[in-house]
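Q: Turn this into a structure:
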Amino acid sequence: MGVINAHDIKPGMILEKDLVLANGRRLLPRGAVIEDKHLRIFKAWGVTEAAVANVSREEAEAGALSALEPLALQYAASLCELYFAPLATEHPAFNEIKRLTVACIARRIMLGEDPPRPAVVCTDNGPAELAPGQTDARHVADGHVELASFPEICELIREVVNDPRASSTRLAEIISRDTSLCASLLRLVNSPLYGFPNKVESIPRAVTLIGTRELCTLTYGLVAVRFFRGIPASYLDMRRFWKHAAACGVFARILCSFHGRMDEERAFVAGLLHDIGRLVLISKYPAASARALAKAQEQNLPLHETELEIFGFHHARVGSHMLKAWHFPDSLRDMVSFHHEPTKAHQVPEAAVLHLADVLSVAMDLATGGAPRPVPALEPGAWEAVGLPLSALEAAFGQFDRQFQEVMGILMDNE
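A: Got it, this is the predicted structure:
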């Protein structure tokens with residue numbers, strides 16, 4: 001008997017145990033023979049693993065790898081050796097992320113796509129604009145907020161959310177004033193992220209289906225994305241930045257959907273905005289930010305660690321202060337503030353989900369031909385705080401692409 005990932009379950013396999021969902025519902029009994037229709041049901045219900053007879057997890061994984069061309073697999077494995085920290089792969093979850101990344105790269109090579117190439121390391125040139133201790137995260141964020149206040153529409157929405165007498169009709173009326181925002185929200189609601197069977201054609205209908213607070217959270221996220229228009233391309237590749245942000249948001253939402261007890265919209269928006277502190281630092285201190293990035297690449301260190309050396313604080317703290325100034329929910333700010341140190345958060349499981357989503361998004365960028373960079377190791381205790389089985393990682397990889405493509409399109413149009 002073996003518990004294997006849902007992706008490795010094939011028609012004809014026999015369940016060794018009852019397949020029971022997290023809510024206690026029995027989906028299939030012990031002894032059931034798996035059919036194609038069952039695989040579709042598993043996907044619909046978010047099944048990530050099952051106990052089957054006469055097949056172990058190791059055998060199932062080996063069978064999946066045997067379908068890949070040896071040379072493609074060899075190249076993918078050698079590339080991942082460069083970007084996955086050797087000691088970190090001793091953790092079962094990090095090792096599983098590495099395995100999935102290797103397989104994804106190999107499959108892309110077999111399809112004729114160009115494989116990722118080792119990145120060219122930037123050099124640390126020129127002095128930074130400030131020395132550690134000359135400022136702090138709050139003052140950097142406050143100074144940026146003063147340059148342009150958050151749009152009035154978000155203040156109006158906040159008033160509606162905090163007013164128990166306000167109706168969902170009032171909320172829909174406010175959002176509908178901004179035609180571009182309205183279009184982006186409806187496109188998001190109609191995307192594979194939600195998978196509603198019928199098209200949602202109005203904001204009032206979206207409020208009904210998703211919920212008032214949830215739609216407000218999405219609105220805040222999209223408005224924040226628009227706030228950061230105009231950063232020069234010489235400072236940062238904005239498409240690459242939002243690609244990582246979208247990936248992190250999608251992974252965070254997928255992981256929350258597996259968990260079943262976390263706010264999916266909050267996780268999605270936290271993923272979109274988890275690195276906005278970088279945009280603030282780049283806008284105010286471009287040379288110092290470039291120096292931090294170069295040092296991270298040269299020494300194979302996480303960016304937030306080199307920022308801490310150069311600034312005395314890092315982008316996650318700046319982002320948290322920005323979100324506080326804009327009256328984002330404390331729970332969302334907590335996730336952003338501690339996404340590199342999730343066990344220090346007030347709500348550790350939520351911050352750990354965002355931390356894991358960040359790691360997955362870097363791995364997926366490597367897997368799909370993006371500019372390679374080191375995949376950050378999981379912080380001690382983070383995987384345990386998430387509370388998901390290893391099989392959830394492969395399921396998340398499997399669901400990612402369809403949701404990501406639509407979200408990325410919305411962000412680029414919105415940006």
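
Q: ok, now which ones touch residue 20?
A: Listed by C-beta atoms under 8 Å, 6 or more residues apart in numbering, the contact set of residue 20 reads 26-27. Glycine gets a C-beta too; all of them are placed from N, C-alpha and C.

Q: What is the burial count for residue 291?
A: Per other C-beta atoms under 10 Å, the neighbour tally for residue 291 reads 22.

Q: Could you report the separation of it from residue 403?
A: 35 Å (C-beta to C-beta, to the nearest Å).

Q: next one: residue 365
A: 15 Å.

Q: Show the residue spans covered by the strands in the chain.
A: 2-5, 19-20, 26-28, 49-52 (DSSP state E).

Q: The ones you listed: which one's closest to residue 85?
A: Of all these, strand 2-5 sits nearest to residue 85, with 23.9 Å by C-beta to C-beta.

Q: so how far is the closest one off the chain centroid?
A: 25 Å (C-alpha atoms, centre = their mean, to the nearest Å).

Q: Can you list the strands that that strand pairs with?
A: strand 49-52 (antiparallel) (DSSP bridges).

Q: Using neighbour counts, pick out the buried residues of the strand it pairs with.
A: Within strand 49-52, the residues that count as buried by 16 or more other C-beta atoms under 10 Å are 49-50, 52.

Q: and residue 221, what does it touch?
A: Residue 221 makes contact with 268-269, 272-273, according to C-beta under 8 Å, 6+ apart.

Q: which residues does residue 41 contact?
A: Contacts of residue 41 by C-beta under 8 Å, 6+ apart are 27, 47.

Q: Got the domain ranges for the protein?
A: For the chain, automatic domain parsing gives the domain ranges 1-66, 137-414.

Q: Please identify the most buried of the ones you listed.
A: domain 137-414 (a mean of 19; mean count of other C-beta atoms under 10 Å).

Q: now that one, how far from the centre of its chain.
A: 8 Å.

Q: Give me the average confidence score over that domain.
A: Mean pLDDT, computed over domain 137-414, is 88.

Q: Over to stretch 92-100?
A: pLDDT averaged over stretch 92-100 equals 94, rounded to a whole number.

Q: Using neighbour counts, pick out the buried residues of it.
A: 93-94, 96-100.

Q: Tell me which of the domains of the chain approaches residue 88 most closely.
A: Ranking the domains of the chain by their distance to residue 88 (criterion: C-beta to C-beta) puts domain 137-414 first, at 3.5 Å.

Q: re the thing from before, please convert the domains of the chain to CSV, extending it with distance to residue 109.
A: Shown next, in CSV, are the domains of the chain (distance: least, C-beta to C-beta, whole Å):
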stretch, distance to residue 109
domain 1-66, 14
domain 137-414, 10
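
Q: Any idea which of the ones you listed gets closest to residue 75?
A: The nearest among those, by C-beta to C-beta, is domain 137-414 at 12.8 Å.

Q: hmm, back to that, nearest to residue 310, out of the strands of the chain?
A: strand 2-5 (41.7 Å).

Q: Quick one: mean pLDDT for that closest one?
A: 84.

Q: what sits up against it?
A: In contact with strand 2-5 (C-beta under 8 Å, 6+ apart) are residues 48-52, 55-61, 390-391, 394-395.

Q: next one: stretch 345-359
A: 93-94, 97, 248-249, 251-252, 255-256, 259, 262-263, 266-267, 270-271, 274, 330-331, 334-343, 375-379, 381-383, 385-387.

Q: what about 7 Å?
A: Residues outside stretch 345-359 that contact it (C-beta atoms under 7 Å, 6 or more residues apart in numbering): 97, 248, 251-252, 255-256, 262, 267, 270-271, 274, 331, 334-335, 338-340, 342, 375-376, 378-379, 382-383, 385-387.

Q: And for stretch 153-164?
A: By C-beta under 7 Å, 6+ apart, the list of residues contacting stretch 153-164 reads 166, 170-171, 174, 177-178, 212-213, 216, 219-220, 223, 326-327.

Q: one more time with 10 Å, if that's ok
A: Stretch 153-164 is contacted by residues 149-151, 166-168, 170-175, 177-178, 181, 212-213, 215-217, 219-220, 223-224, 227, 326-329 when judged by C-beta atoms under 10 Å, 6 or more residues apart in numbering.
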